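1. Next comes the sequence, and after it the predicted model I'd like to discuss.
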Amino acid sequence: MFSREAIVTALDLWERARVLFNVILLAYVLARFGGALLAIPHSLWPEIIALAAAANIIYCIAYPIDIVTQSTNYRHMWQTVGRPALWIVLLVLNLALVHIALAHMLRGL
């Protein structure tokens, strides 16, 4: 089974990192789509909120990966290389998904 320490460490680290993750996503959306966001009809706002929720749900994949990896012999390498790499991969993946989804939603506005 996984140690309580591994679970608490994963939750603490990834929740603190989530703040920066969301700030970067928001900054990208505002920089890339800022003007167009003002023209969005109210009927699309639930979809935009769902998109933000989906990005954060995808981010949650980090928790089980972190908890499992902390329980292996690769713990030190995971903490120094794996975590930052996973955070960057999740950020880039979500930036791409948000870009594609918003570009599709805003097409024709």
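-> Nice, thanks for sending it over.
2. Please count neighbours and contacts with C-alpha atoms only from this point.
-> OK.
3. Do a quick rundown of the helices in the protein.
-> 4-37, 45-59, 62-70, 75-77, 83-106 (DSSP state H).
4. Just send these back as a markdown table, with mean neighbour count and mean pLDDT too.
-> Shown next, in a markdown table, are these (neighbours: other C-alpha atoms under 10 Å; pLDDT from 0 to 100):
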| stretch | mean neighbour count | mean pLDDT |
| --- | --- | --- |
| helix 4-37 | 14 | 93 |
| helix 45-59 | 15 | 94 |
| helix 62-70 | 18 | 95 |
| helix 75-77 | 13 | 93 |
| helix 83-106 | 16 | 95 |
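5. Check the gap between the residue most central in space within the chain and residue 26 for me.
-> Central residue of the chain (C-alpha atoms, centre = their mean): residue 59, 4.0 Å from the mean position. Here the criterion is C-alpha to C-alpha, to the nearest Å. By it, residue 59 lies 15 Å from residue 26.
6. repeat for residue 81
-> Counting by C-alpha to C-alpha, the separation of residue 81 from residue 26 is 26 Å.
7. Give the burial count for residue 79, as a bare number.
-> Residue 79 has 14 neighbours, counted by other C-alpha atoms under 10 Å.
8. Report pLDDT for it.
-> Residue 79 carries a pLDDT score of 93 in this model.
9. from here on, count from 298
-> Let's use 298 as the start, then, which means that last one is residue 376.
10. quick revisit: could I get the contacting residues of the residue nearest to the centre of the chain?
-> By C-alpha atoms under 8 Å, 6 or more residues apart in numbering, the contact set of residue 356 is 315, 387.
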